[in-house]
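In: Predicted coordinates and the sequence they were generated for:
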Amino acid sequence: MSHVHYQEVTCRSALNQVRGRVPFRWSLNPYGACSHRCAFCYARAYARRADRPSDERYGQTVRVKLNVADMLAGELARPGWRHESIAIGTATDPYQPAEGRYRLTHACLERLVAVSNPFSITTRGPLVVRDIDLLVEASRRAAVSVAFSVPTLDERIWRATEPGTAPPRQRLRALGMLIEAGVRTGVFVAPVLPRLSDRPELLEQVVIAAREAGAAFVWMEMLHLKPGSREHFLAMLAEQFPEQLPLYQRLYARRAYLPASEIAPVRARLNELSRRHGIADRRSFRPAPPKPERQLRLAL
């Protein structure tokens, strides 16, 4: 991978109001673009709409929002804010390598903990274990969850589609550490790739590994390809899995999302595997709510 340039910027807002096919209304992304450079990344579509590179150059420049935590604090303090849950890492990974240097995600979590605001995190970065103590405190004060994205354990598929990420089993080891600390943590099997990672034996590998790591939940999402993401992903297929290219050209010829007839069987298979292997929230330790006087001290 080529050298990553970090562009330090300031942002005019931290929270994004989200509409569409997602189960949350607010998102937070401390970084713009992502050095993980996953072939299927749907943020490539956002980059294209903003006239930024969505091809192989995506992720070579990462925008670092230096003031994001202060902007977040101001937005959380607004009289009209209803303490709704915030999804962190919806477009770029909050624990990509830049976080080790800039600690913007850490600073944002501090602001969220200070006002007992609920949040969720989605990441491929084991660096999240650095913030275990903060996540435990957050879990005492609000609904908090972490989801590690683990689309597959197949080494060939992982290397071809997630070139800048930590190995999937490293993510699962980090998951186990968070679960042991009492943080509700699970596996997001996403994106599932038709006729590649949706094979029953590969899905079962992920579910078994998730159960062994102690995952509290497993859920999934199928691949979708919007303009910008589509071109790059198909180029990767042509190079790495050329036998699959005609299928994907047909499946995504006129749509970004797969039809229900393609999604439902895979979702049913994953749900059945989760039941068979006993995926459930079995944390042996769960953070107790703070006493009233401690709650007041933390808020000050």
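Out: Looks like it arrived, so ask away. All of these numbers come straight from a predicted model, not from anything done at the bench.
In: And the helices in this structure?
Out: Ranges of helices in the chain, per DSSP state H, are 43-49, 68-76, 98-102, 104-114, 132-141, 155-161, 168-181, 200-213, 229-240, 245-251, 260-276, 292-299.
In: nearest to residue 91, of those helices?
Out: Among those, the nearest to residue 91 by C-beta to C-beta is helix 43-49 (4.5 Å). Heads up, the C-betas are built off the backbone N, CA and C, glycines and all.
In: what packs against the closest one?
Out: The criterion is 3 or more C-beta pairs under 8 Å, 6 or more residues apart in numbering; DSSP states H and E, and the helices and strands that helix 43-49 contacts are helix 229-240.
In: Now do the helix it packs on: everything it contacts.
Out: Outside of helix 229-240, the residues within contact range by C-beta atoms under 8 Å, 6 or more residues apart in numbering are 39-42, 44-45, 54-56, 58, 160-161, 223, 225, 244-245, 248-249, 252, 256.
In: Any regions of the stretch 1-150 of the chain where pLDDT drops low?
Out: 1-2 (pLDDT under 70).
In: Of the contacts of helix 229-240, grab the buried ones for PyMOL.
Out: Entered in PyMOL, the line below selects the buried ones among the contacts of helix 229-240, by 16 or more other C-beta atoms under 10 Å:
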select buried, resi 39+40+41+42+44+45+54+58+160+161+223+225+244+245+248+252
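In: Go ahead and flag the most central residue of the protein.
Out: By C-alpha atoms, centre = their mean, the mean C-alpha position of the chain lies nearest to residue 122, the distance being 2.7 Å.
In: so what's that residue bridging to?
Out: With DSSP bridges as the criterion, the beta-bridge partners of residue 122 are residue 147.
In: residues touching it, list them.
Out: Neighbouring residues of residue 122 by C-beta under 8 Å, 6+ apart: 87, 88, 89, 90, 93, 146, 147, 149, 188.
In: one more time with 10 Å
Out: Contacts for residue 122 (C-beta atoms under 10 Å, 6 or more residues apart in numbering) come out as 87-90, 93-95, 145-149, 188, 190.
In: cool, residue 87 as well?
Out: 16, 18, 22-29, 119-122, 147.
In: Please apply the same query to residue 260.
Out: Applying C-beta under 10 Å, 6+ apart, one finds that residue 260 lies in contact with residue 267.
In: could the helices of the chain go into TSV alongside distance to residue 194?
Out: Output for the helices of the chain, formatted as TSV (distance: least, C-beta to C-beta, whole Å):
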stretch	distance to residue 194
helix 43-49	19
helix 68-76	36
helix 98-102	32
helix 104-114	32
helix 132-141	34
helix 155-161	12
helix 168-181	19
helix 200-213	12
helix 229-240	11
helix 245-251	6
helix 260-276	7
helix 292-299	47
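In: wait, which of those helices is closest to residue 126?
Out: Residue 126 lies closest, by C-beta to C-beta, to one member of these: helix 168-181, at 4.0 Å.
In: Any idea how far that closest one is from the middle of the chain?
Out: Going by C-alpha atoms, centre = their mean, to the nearest Å, the spacing between the C-alpha centre of helix 168-181 and its chain's C-alpha centre is 15 Å.
In: now for it, which elements pack on it?
Out: Packing partners of helix 168-181 (3 or more C-beta pairs under 10 Å, 6 or more residues apart in numbering; DSSP states H and E): strand 119-123, helix 132-141, strand 144-149, helix 155-161, strand 185-192, helix 200-213.
In: rerun that using 7 Å as the cut-off
Out: Contact analysis of helix 168-181 by 3 or more C-beta pairs under 7 Å, 6 or more residues apart in numbering; DSSP states H and E lists helix 132-141, strand 144-149, strand 185-192, helix 200-213 as its packing neighbours.
In: Turn these into CSV, including mean neighbour count.
Out: Formatted as CSV, the entries for the helices and strands packed on helix 168-181 read as follows, by neighbours: other C-beta atoms under 10 Å:
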stretch, mean neighbour count
helix 132-141, 19
strand 144-149, 24
strand 185-192, 24
helix 200-213, 18
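In: If anything else comes up later, I'll come back, but that's it for now.
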